[in-house]
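Undergrad: Prediction below, plus the sequence it came from.
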Amino acid sequence: MTDYQHMIRNLVNRQPQLEASQLLDDIVKALDNSAIVAITDRTGEIIYANEFFSTLSKYTQEELVGTNQRIVNSGFHPKSFFKKMWKTIGQGQIWQGEICNRAKDGSLYWVDTTIVPFLNEKGIPKQYISIRHDITEKKNIEDTLRKQAELYRLITENSGDYIAVLDAKGTIHYQSPSVEKLLGGQDQNVLNAMVYEDRVNVKNALNQVNQTDEHSALIEFRLTVNHNSILYMSGNLSRIESQGEFVGYNVLVMHDNTDLKKQEKLILDLSSSDQLTGLLNRRAFVKELFVEIERVTSSDELLGLVHMNIDKLRYANERFGHDRGDEILTKVAQRLTMHLNDTVCGRIAGDEFAFVMSSGKSVDELFEWTVALQKVIEEPIEVAGQWYNPSVSCGLSVYPIHATEVPGWITTTEQAMQFVKEQGGSGSAIFVPDMYSKSLDRIILENELRKSVKEEHFILEYQPKVDLGKERVVGFEALVRWQHPDLGRIPPDKFIGLAEETKMIIPLGEWILTEAFQYAIYLQTISTTPMTVAINLSAVQLESPDLIPFIRSLLEKTGIAPAIIEMEVTESAFADRLEMSSTLRQLRDIGFVVSIDDFGTGFSSFSYIKEFPAETLKIDMSFVKDVETSENSRAIIKAIVTMADTAGMNVIAEGIETAEQAHIVKLLGCREGQGYFYSRPLAAIGIPEFLDRFSEIHRNTE
């Protein structure tokens, strides 16, 4: 007996008042009013279709009856799907599954289907009843979720960011597929892949995020992948506050900075090394002096700074040629490197070297080492098959006996070296105070500088900056010139350092700011497009507490828009005075554009420029002057541009002197250019004519 017959027999036995036929009619009626019902013959021709079937398929019942079930076939399922279905019901078995059908208007709908065969006396199906339920909404939700999951998979596998979810104890609860792909190998836990000390730092940041009011933290760390490769990562660790499965956990969004770190290293290596000898260049060497002093500040260790000059190297250049002179310099550098081991050593000028020695004993020991090294350097050098006997003058100054700060340390060493040269060279000397005295020329110049600042014996000249893409002038850099009534024009390199040392740069700087602000306002009236004016600020000005109040007062007096003024500070000046960052941030908050001048010759660090409150980098002219022939210079410029793009900064190339240089720096990604190719610094009165002439030339070239 079949199950449904058994069910009806039980119901009739329990309720004798019911007849089996009546009970069956009631069941059929209930089914017909709650589901989609269709009856077909053994060939699939529809014998009966209820109203639910008609409503969902959008065919009338008359249109459905007498047609084959294929009328609602959507073509979604392969032939094998229906072949298997017909095989099942053809064997008298019930079939269940989900089918996608097509309505009369072309729309698709899904039904959960049960097909029950009705068998004849021989057990062969004579007709089929299909009972369906509309599951279109359910399938649409499933499809949406599937697409979202697929989209998430594509994003997480191909995104440059990597994501991990971890609890307050550092247990990983989720990692995006991109993380597992990045790590590879068997252990794919991102915390386990971190370099140990970085893992400690990350867990400290995790404690900070979970135990303080600071619910996010920026972190940097290294990952070891493929057993020995190191990746440099940066990440943002944030506590999850929104409701959901991971509320109270932490999400770590990571980004691979390895390429940027490599570019940093490239810039550092190329811009801090002397290209001929491989030693530190002057800027990098001076920077290392600060590190050395910091290292021994709390100890009794003595540091000896030696300044060494090759006497009369020009005669060797005249005798052997400049290429051979370079060979002499290279061999001297090799001897220094060999005998100094890992000591800080640099080539600080054409024929000058400097190095640091340390001693826990006495100044005398440092001097003995200096004399011994002098003798080593003076051993004969074979050049072009001939022997050259170098002569060197060495000056020694000891920290903290002769100086307690880097500038004074350098000065006293140079004085000791100069003393040896005045005695005829080929010797060594320790600094003594009598070596240092102001020259008469310096005293006179300092007095005249004070007088000229008071009487305003200065003028400003303006050098244009050009948009390399649009080939139009976008601004000018204000450059101060000393026009002495008796001595004539005195170049900036003769008085700017003196002005900074004597603090006269502060009143002089206030005059420059006043003049430049006024001219910037005038510039806007003669130009059809906004023009910026760049003003150089020295480290001494930025350290002055009066700078910001003076500038605010000047803004109020002139009514100038701060956005047309660009404040420039040299990278090397800023590198040794990080406390100036506060002043620069105040300037930017006021609305001024802040730029780093001479970039590429100091820190040149990606993390440094990310934190520096500036919008513009000016690439030092030393990299531009030989950009046509030097692969190193092109590599430095390209790396700087890449770093600037990452930090969202503008890039200006200084010192452009030829059309070819302009073309190359443009291709390397520089937005603006400045240099003699466009114009020398101009007197204010000549700028309107220059702008007209430049615009006319540009129109003619178009």
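TA: Noted; the coordinates are in hand.

Undergrad: from here on, contacts and neighbour counts on C-alpha atoms
TA: OK.

Undergrad: Can you pull out the low-pLDDT segments for the stretch 551-700 of the chain?
TA: Scanning the stretch 551-700 of the chain for pLDDT under 70 picks out the ranges 571-579, 600-613, 698-700.

Undergrad: show me where it has helices.
TA: For the stretch 551-700 of the chain, the helices defined by DSSP state H, counting those that start in this stretch cover 571-575, 581-590, 606-611, 621-624, 631-647, 659-667, 687-701.

Undergrad: Only the buried residues of the fourth one, if you could.
TA: The neighbour-count criterion (16 or more other Cα atoms under 10 Å) identifies Met621, Phe623, Val624 as the buried residues of helix 621-624.

Undergrad: Give me the nearest residue to the second one, chain neighbours excluded.
TA: Setting aside the residues directly before and after it, Phe623 is nearest to Ser633 in space (Cα to Cα, 6 or more residues apart in numbering), at 4.9 Å.

Undergrad: what about that neighbour, neighbour count?
TA: Ser633: 20 surrounding residues under other Cα atoms under 10 Å.

Undergrad: for Glu121, same thing?
TA: 7.

Undergrad: per-residue pLDDT, it?
TA: Reported pLDDT at Glu121 in the predicted model: 83.

Undergrad: if I look at it, how far off is Thr412?
TA: The gap separating Glu121 from Thr412 is 121 Å, by Cα to Cα, to the nearest Å.

Undergrad: quick one: low-confidence ranges for the stretch 301-450 of the chain?
TA: 318-319, 434-443.

Undergrad: Which stretches in it count as helices?
TA: Going by DSSP H, counting those that start in this stretch, the stretch 301-450 of the chain shows helices at 313-320, 322-340, 363-377, 406-422, 440-455.

Undergrad: Quick one: residues in contact with the fourth one.
TA: Looking back up the chat, that one is helix 406-422. Helix 406-422 is contacted from outside by 286, 289-290, 305-309, 311, 393-399, 402-403, 426-432, 435-436, using Cα atoms under 8 Å, 6 or more residues apart in numbering.

Undergrad: can you rerun that using 6 Å?
TA: Applying Cα atoms under 6 Å, 6 or more residues apart in numbering, the set of residues contacting helix 406-422 from outside is His307, Ser393, Cys394, Gly395, Leu396, Ser397, Ala403, Ala429, Phe431.

Undergrad: isn't the third one right next to Phe431, touching?
TA: No: Cys394 lies out of contact with Phe431 (Cα atoms under 6 Å); the separation is 10.6 Å.

Undergrad: Have a look at the two and say which one is more surrounded.
TA: Cys394 (32 against 21).

Undergrad: who are the neighbours in contact with the more buried one?
TA: So Cys394 contacts His307, Met308, Met417, Ser428 (Cα under 6 Å, 6+ apart).

Undergrad: mind checking which of the helices of the stretch 301-450 of the chain is nearest Glu510?
TA: Closest to Glu510 of the helices of the stretch 301-450 of the chain is helix 440-455 (Cα to Cα; 10.3 Å).

Undergrad: So what touches that closest one?
TA: Against helix 440-455 from outside (Cα under 6 Å, 6+ apart): Leu508.

Undergrad: Also stretch 79-94?
TA: Applying Cα under 6 Å, 6+ apart, the set of residues contacting stretch 79-94 is Ile115, Val116, Pro117.

Undergrad: Name the residues of it that are buried.
TA: So stretch 79-94, judged by 16+ other Cα under 10 Å, has buried residues Met85, Trp86, Thr88, Ile89, Gly90, Gly92, Gln93.

Undergrad: State the distance from the fifth one to Ile71.
TA: When distances are taken as Cα to Cα, Gly90 and Ile71 turn out to be 20 Å apart.

Undergrad: what's the answer for the second one, then?
TA: In this view, Trp86 and Ile71 are 16 Å apart by Cα to Cα.

Undergrad: same deal with Ser426?
TA: Taken as Cα to Cα, the span from Ser426 to Ile71 is 108 Å.

Undergrad: ok, now Asp112?
TA: In terms of Cα to Cα, Asp112 sits 18 Å off from Ile71.

Undergrad: Gln148 now?
TA: 33 Å.

Undergrad: thinking again about what came up before, pick out whichever of the contacts of Cys394 sits closest to His77.
TA: For the contacts of Cys394, the nearest to His77 is His307 (86.7 Å; Cα to Cα).

Undergrad: If you drop the residues flanking it in sequence, what lies closest to the closest one?
TA: Ala354 (4.5 Å).

Undergrad: same thing with Arg70?
TA: Closest residue to Arg70 apart from its sequence neighbours, by Cα to Cα, 6+ apart: Gly44 at 8.0 Å.

Undergrad: For that neighbour, give me the pLDDT.
TA: Per-residue confidence (pLDDT) for Gly44: 88.

Undergrad: I'd say it and Asn68 touch.
TA: Yes: counting by Cα under 6 Å, Asn68 is a contact partner of Gly44 at 5.5 Å.

Undergrad: coming back round to it: biggest separation within the contacts of helix 406-422, which pair?
TA: Among those, Ser393 and Ala403 lie farthest apart (Cα to Cα), at 20.6 Å.

Undergrad: give me every residue that touches the nearest residue to Asn120 once chain neighbours are set aside.
TA: Among residues not flanking Asn120 along the chain, Lys126 sits closest, at 6.1 Å (Cα to Cα, 6+ apart). Counting by Cα under 6 Å, 6+ apart, Lys126 touches Arg42, Phe118, Leu119.

Undergrad: and the helix or strand containing Lys126, which strands flank it?
TA: Per DSSP states H and E: Lys126 is located in strand 125-134. Here strand 125-134 has these sheet partners by DSSP bridges: strand 36-41 (antiparallel), strand 108-119 (antiparallel).

Undergrad: Now the element after the shortest one, going C-ward?
TA: Yep, that's strand 36-41 we're talking about. strand 46-49.

Undergrad: for the stretch 101-250 of the chain, which spans come out with low pLDDT?
TA: For the stretch 101-250 of the chain (pLDDT under 70), the answer is 149-161, 185-187, 243-245.

Undergrad: pLDDT (mean, whole number) over the strand or helix carrying Glu63?
TA: Assigned by DSSP H and E, Glu63 belongs to helix 61-64. Here helix 61-64 scores 90 as its mean pLDDT.

Undergrad: Next secondary structure after it?
TA: Following helix 61-64 in sequence, per DSSP H and E, is helix 79-90.

Undergrad: where does that next one sit relative to the chain's centre, distance-wise?
TA: 61 Å (Cα atoms, centre = their mean, to the nearest Å).

Undergrad: In PDB, could you pull the C-alpha coordinates for it?
TA: Extracted in PDB, the C-alpha atoms of helix 79-90 (Å, rounded to 0.1, in the frame of the first residue of the first chain):
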ATOM      1  CA  LYS A  79      19.800  19.100 -21.600                       C
ATOM      2  CA  SER A  80      21.400  16.700 -19.200                       C
ATOM      3  CA  PHE A  81      19.400  18.300 -16.300                       C
ATOM      4  CA  PHE A  82      16.100  17.300 -17.900                       C
ATOM      5  CA  LYS A  83      17.400  14.000 -19.200                       C
ATOM      6  CA  LYS A  84      18.100  13.000 -15.600                       C
ATOM      7  CA  MET A  85      14.700  14.300 -14.400                       C
ATOM      8  CA  TRP A  86      12.800  12.300 -17.100                       C
ATOM      9  CA  LYS A  87      14.800   9.200 -16.300                       C
ATOM     10  CA  THR A  88      13.800   9.500 -12.600                       C
ATOM     11  CA  ILE A  89      10.100  10.000 -13.100                       C
ATOM     12  CA  GLY A  90      10.000   7.600 -16.100                       C
END
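
Undergrad: The closest residue to Met504 other than its chain neighbours and Ala561: what is the separation?
TA: Leaving aside its sequence neighbours, Met504 sits nearest to Arg450 (Cα to Cα, 6+ apart; 7.0 Å). If you measure Arg450 against Ala561 using Cα to Cα, the figure is 32 Å.
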